[in-house]
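Asks: sequence first, predicted coordinates after that:
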Amino acid sequence: MSLIDKIRLARQSCITIGGYAITIMRPTDLDAMEMQYASKKEAVLGVSKFVVDWKGFTELDFYSGGTSDSVPFDQALFIEWIKDKPDLWGDLINGVMSAYKKHREKAGESSKNS
């Protein structure tokens, strides 16, 4: 595993939205500079790019005629799915933003202890 891969892996965490386990990549400080959303639509689409994996999704989660076969992660599929889940938008936004806030809090504590 490369050092870049290790850095990216360290940014990952799992959140739960509506009973679904979603893996997110915590936004970097540079990413956060662009996270000024004028609407909930912008926020949902903006934070969706930080979703990097899921666990336990099946075809049935996407349409009623689907099977119980598991579906490998696909970011475009996640975005298409989340567009029809307004009850999950707040949890998704809060999960990504919370991961960033925790990172900033840790960084602030580290600088105080230096």
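Replies: Here it is on my side, so go on. Numbers count the residues shown, from 1 in each chain.
Asks: could you use CA atoms for every contact and neighbour count after this?
Replies: OK.
Asks: and the lengthiest helix in the chain, what other elements does it pack with?
Replies: In the chain, with assignment by DSSP state H, the single longest helix is helix 86-112. Counting contacts by 3 or more Cα pairs under 8 Å, 6 or more residues apart in numbering; DSSP states H and E, helix 86-112 packs against strand 12-17, helix 40-48.
Asks: give me the mean pLDDT for the last one.
Replies: Translated: helix 40-48. Rounded to a whole number, the mean pLDDT of helix 40-48 is 97.
Asks: ok, and for stretch 37-51, which residues are buried?
Replies: Neighbour counts over stretch 37-51 (16 or more other Cα atoms under 10 Å) mark Ala43, Val44, Leu45, Val47, Ser48, Phe50, Val51 as buried.
Asks: export the helices and strands packed on helix 86-112 to TSV and tack on distance to Val96?
Replies: Formatted as TSV, the helices and strands packed on helix 86-112 follow (distance: least, Cα to Cα, whole Å):
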stretch	distance to Val96
strand 12-17	8
helix 40-48	7
